[in-house]
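# Mind folding the following:
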Amino acid sequence: MSRTLDPTLLSLLPTYSKDLPQPLLELASSLLTQSRHSAGTLKGEEEVARAYACAHIACERLKITLDLPPIQARPPVPPRIYKRLYAHLDNVLPASTIGKSGRVRTPSSKLRESGIFGSGQRIPPRAIPNKEESLAKFRSPAAARGDNTPTRSAGKPPAYQAKKGSGSAGSALPAWVRPTIQFMCKELDQGRIGRTVLAGMQTIAAPNGKRSEDEWITENLVSLLAAVYFLVSSQLYVLEQGRELDESQYIRMRKEILKTLGRAQENVGVTGMDEDELWIGWTDIRSKDMDSAVSKVVQNGWQEEEWFAGIKYMANAKVVETHDEDEQMEDGKERSFGEKLHLQRGDTMLQSRWDMTDQKREEYAAWKTGVLCRIEEIERSRGAEMEIDTTAA
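Residues are numbered from 1 along each chain as shown. Okay, the predicted model is just below:
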């Protein structure tokens, strides 16, 4: 038995004044041993908390049986990493409590087997369900299989549950999609493509507001997002620059997108939503995953739909704005951003005639001054007429 578990268990149960129960020590040691077989490969930051997580799981599984005090967890790693590690180990480690006889023997079980209460027949113990088993009935089959392994070697991500407010109103996108797109656009300084990328994700992954039944899409949402973002940004580059991407530019863009996605979980959050719930359906990806997703989108013709065609309007707007700026330079006048072209789209009520620009403000000020002068002249003329009438009387 690992003696390092004693202080770990005491730190989890700071209000426990008695000696640690032997069943708890045995279970914690057993879970630690089993974890080295069931989850032998962990990241360095996760390996630090392996013993702590096993002790925590042991306390959770025996807190009712042994009437333990409230558990106060203070893991040695950041909460986000610890939550993923705890969920993974709790899922892969068997729920049965193992001791020398294959289970933890409590006083009540010994009395039952001794025949004092009647039959001496051994009654098999009822396993205490862990967190994953308790929530399995509320999750999809993919999540119930435990596909949320925290290491990079994780295969398929857990299927997400469609929820109102996830991604956007009435869509079946996971909750992390919209804030992740916003984060990518901000970090890569491409804020104008955010709506197009979101429209692409909604069209492909949640057509008509319903989750796609395509298994590849469900299992490769992060790769799909990377591919959609790349295709939109690269198409805009081609339209504005008038030349195709070369291999070095493709590699640079791919590296930037993957680097930004790798930082998303540390920087993106939704108020009032737990991290475990927020990142359902997320998985870490590599260069080959993004390459495969780009090929998949192109092969299926998903970029030939309406959401992708709108990119040319963004490029045209950029060209017109540049032309206007050149004219302003020639005239020796520099106008503010509000006077530049406002893109008119069919899905917006913001039309150019309603935009309040600096030029319109100046015209309004001149008109107002003129009207006030005319009013003042009229009042003066009336005052003069009244004076003449009074004198005559």
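# mind checking how far residue 239 is from residue 257?
19 Å (Cβ to Cβ, to the nearest Å). All C-beta atoms are positioned from the backbone trio N, CA, C, and that covers glycine.
# Residue 234 now?
Distance from residue 234 to residue 257, by Cβ to Cβ: 10 Å.
# The two: which is more packed in?
Using other Cβ atoms under 10 Å as the criterion, residue 234 and residue 257 rank with residue 257 on top: 22 against 18.
# what ranges of the stretch 1-150 of the chain fall below the confidence cut-off?
1-4, 96-150 (pLDDT under 70).
# can we see that at 80?
1-4, 40, 95-150 (pLDDT under 80).
# now the helices for it?
With helices called from DSSP state H, counting those that start in this stretch, the stretch 1-150 of the chain shows them at 5-12, 22-38, 44-47, 50-62, 79-92, 107-114, 131-135, 141-144.
# mind checking how far the residue nearest to residue 244 when sequence neighbours are not counted is from residue 184?
Distances taken as Cβ to Cβ, 6 or more residues apart in numbering place residue 238 nearest to residue 244, at 6.1 Å, with adjacent residues excluded. As judged by Cβ to Cβ, residue 238 and residue 184 stand 20 Å apart.
# between these two, who's got more neighbours?
Neighbours were counted for residue 238 and for residue 184 using other Cβ under 10 Å; residue 184 has more, 24 against 14.
# Does the more buried one touch residue 261 like I think?
Yes. Judged on Cβ atoms under 8 Å, residue 184 makes contact with residue 261 at a distance of 7.2 Å.
# Now do the contacts for the residue nearest to residue 80 when sequence neighbours are not counted.
Nearest in space to residue 80, with sequence neighbours left out and distances taken as Cβ to Cβ, 6+ apart, is residue 275 at 5.9 Å. Residue 275 sits next to 79-80, 83, 269 when contact means Cβ atoms under 8 Å, 6 or more residues apart in numbering.
# again, only using 10 Å
79-80, 83-84, 176, 265, 268-269 (Cβ atoms under 10 Å, 6 or more residues apart in numbering).
# Name the nearest of the residues you listed relative to residue 297.
Set against residue 297, the nearest of the contacts of residue 275 by Cβ to Cβ is residue 176 (19.8 Å).
# residues touching that closest one, list them.
Per Cβ under 10 Å, 6+ apart, neighbours of residue 176: 160, 166-167, 183, 221-222, 225, 264-265, 268-270, 273, 275, 277-282.
# same thing but 7 Å
268, 278-279, 282 (Cβ atoms under 7 Å, 6 or more residues apart in numbering).
# Just the residues you listed: which are in strands?
Judged by DSSP state E, those include no members of strands.
# can you pick the most crowded of the residues you listed?
For these, neighbours tallied by other Cβ under 10 Å; top is residue 279, 24 neighbours.
# Quick check, pLDDT for that residue.
Looking at residue 279, its pLDDT is 88.
# In this structure it contacts residue 265, no?
Yes. Counting by Cβ atoms under 7 Å, residue 279 does reach residue 265; the two are 6.3 Å apart.
# quick one on the thing from earlier: was I right about the residue nearest to residue 244 contacting residue 250?
No. Using Cβ under 7 Å, residue 238 is not in contact with residue 250, being 11.7 Å away.
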